[in-house]
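Student: Here is a sequence with its predicted model. Questions after.
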Amino acid sequence: MTNLLITLNNIDDLRSMRELYKACGITQLIGYQTLGNYISWFERDPQQKHIKIYTLPDVWRKSGLYLIVDRYQLMVNALDTAEAATELRTALLQLDWSRGYKMTGVPDIHHDTIFKVLTDLNLLIDIVRLQIMIMPRAEALELEVSISPEYDFRPLVPDEAVIVDNIWYSRAKGSLAFIKRLIKYNYNIGIYLKSTGELIGWCIRCNLGLLGMLHVRDAHRGRGLAGAMVHFLSRQFAQSGDDATTMISYGNSASIALFTKLNFKKVGTTYIFRTKRSEDSEIWTDELEAKEQ
């Protein structure tokens, strides 16, 4: 059977698609910021070997349909059009599902369509429901950030990815290389103990263009460091022209409380779906990535 998907390689086409999402405002914030993230990566390095952006011919200029395959991650979206469900189903059925995916940022408006495709194919193994929270750009621009003099702010370096990966709740085979790339390409912040140089906290802009991976070591909690990092990066979001955005599991009451205290507001719902891997397929690992470079 002929595969109907085409690959979007032209960065101007991706920019045009992003404008479709921008016009939708807050209802398509994740789509807009996801495309913005990948556009920035292709601007820095057009040869992104393990990233493919697929769509269907003749529809994407209206519907904004995209399927971004990034190693073991899959991002899927389309505008809320009358044809969206049919187009999404058609596109999803063209994918090779053998390795399994972590589908991140699944839009609430397309939950039912994507859920049905995955269940019909007997692929779905897990769903996490998350709330989308934002701080508007105008507010983030006014933030002033300071921390205790015993600490330093500075960006992470790729070699520190192993520290982040060892603690990350979504750690998986292949996540170390993923985090190294985030540190290399996206703005981020680390907090270091001046007396020893120890890295004791971090926050990184993830591949959906959102605040993520926020963590402070236990011994240094309760000192406002998490909030300081969130505000530091929120201001960077704003300075680059974006609202500061994050997504948090509905079950993570502590993080929801923190971001609410930091004046983030809930604006929507999104999902993470995980799909099965075929028994005879090679799971994505850091070793496999190194081999395929």
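Tutor: Perfect, I can see it now. Residues are numbered from 1 along each chain as shown.
Student: Give me the pLDDT value at G25.
Tutor: Confidence at G25, expressed as pLDDT, is 94.
Student: just I283 next, same as before
Tutor: I283 is assigned a pLDDT of 53 by the prediction.
Student: Point out where the stretch 151-293 of the chain drops to low pLDDT.
Tutor: Within the stretch 151-293 of the chain, the set of residues satisfying pLDDT under 70 comprises 279-293.
Student: Now do stretch 69-85: distance from first to last residue.
Tutor: With Cα to Cα, to the nearest Å as the measure, the ends of stretch 69-85 fall 20 Å from one another.
Student: hang on, I meant stretch 89-98
Tutor: 17 Å.
Student: Any buried residues in stretch 45-52, and which?
Tutor: Of all the residues in stretch 45-52, those buried under the rule 16 or more other Cβ atoms under 10 Å are H50, I51. For the C-beta atoms, the positions are set from N, CA and C on the backbone; glycine is no exception.
Student: Same check on stretch 79-97?
Tutor: L79, A84, A85, E87, L88, T90, A91, L92, L95, W97.
Student: before we move on, what about stretch 213-220?
Tutor: Within stretch 213-220, the residues scored as buried using 16+ other Cβ under 10 Å are M213, L214, H215, V216, R217, H220.
Student: who's in contact with the third one?
Tutor: Applying Cβ atoms under 8 Å, 6 or more residues apart in numbering to H215 gives the contacts V164, I167, W168, G201, W202, C203.
Student: ok, what's across the strand from the fourth one?
Tutor: To tie it back to what came earlier, the one meant is G201. I191, V216 (DSSP bridges).
Student: All the helices of this structure, residue numbers only.
Tutor: For the chain, applying DSSP state H gives helices covering 11-22, 29-44, 60-63, 84-92, 111-120, 137-141, 161-167, 175-185, 225-239, 253-261, 286-292.
Student: And for the shortest one, what's in contact with it?
Tutor: Helix 60-63 has contacts (Cβ under 8 Å, 6+ apart) with L8, S16, M17, L20, Y66, A78, L79, T81, E83, A84, E87.
Student: What about the residue nearest to R274 when sequence neighbours are not counted, how many residues nearby?
Tutor: Using Cβ to Cβ, 6 or more residues apart in numbering and skipping residues adjacent in sequence, the residue nearest R274 is D126, 4.2 Å away. Taking other Cβ atoms under 10 Å as the criterion, the count of residues near D126 is 10.
Student: these two touch, right, D126 and F273?
Tutor: Yes. D126 sits in contact with F273 when judged by Cβ atoms under 8 Å, with a separation of 7.2 Å.
Student: How about the contacts made by the closest residue in space to L118 that isn't next to it in sequence?
Tutor: Setting aside the residues directly before and after it, L118 is nearest to L124 in space (Cβ to Cβ, 6+ apart), at 4.1 Å. Counting by Cβ under 8 Å, 6+ apart, L124 touches F115, L118, F273, R274, T275, K276.
Student: ok, the residues you listed vs G209, which is closest?
Tutor: F273 (19.3 Å; Cβ to Cβ).
Student: For beta bridges, what are the partners of the closest one?
Tutor: Assessed by DSSP bridges, F273 has beta-bridge partners M103, I127.
Student: Run through who's touching stretch 157-169.
Tutor: So stretch 157-169 is in contact with 156, 171, 175-176, 179-180, 182-184, 190, 199, 202, 204, 213, 215, going by Cβ under 8 Å, 6+ apart.
Student: one more time with 6 Å, if that's ok
Tutor: Under the criterion Cβ atoms under 6 Å, 6 or more residues apart in numbering, residues R171, S175, L176, I179, K180, I183, K184, L199, H215 lie in contact with stretch 157-169.
Student: Then stretch 15-31?
Tutor: Y32, L35, G64, N77, G105, T245, V267.
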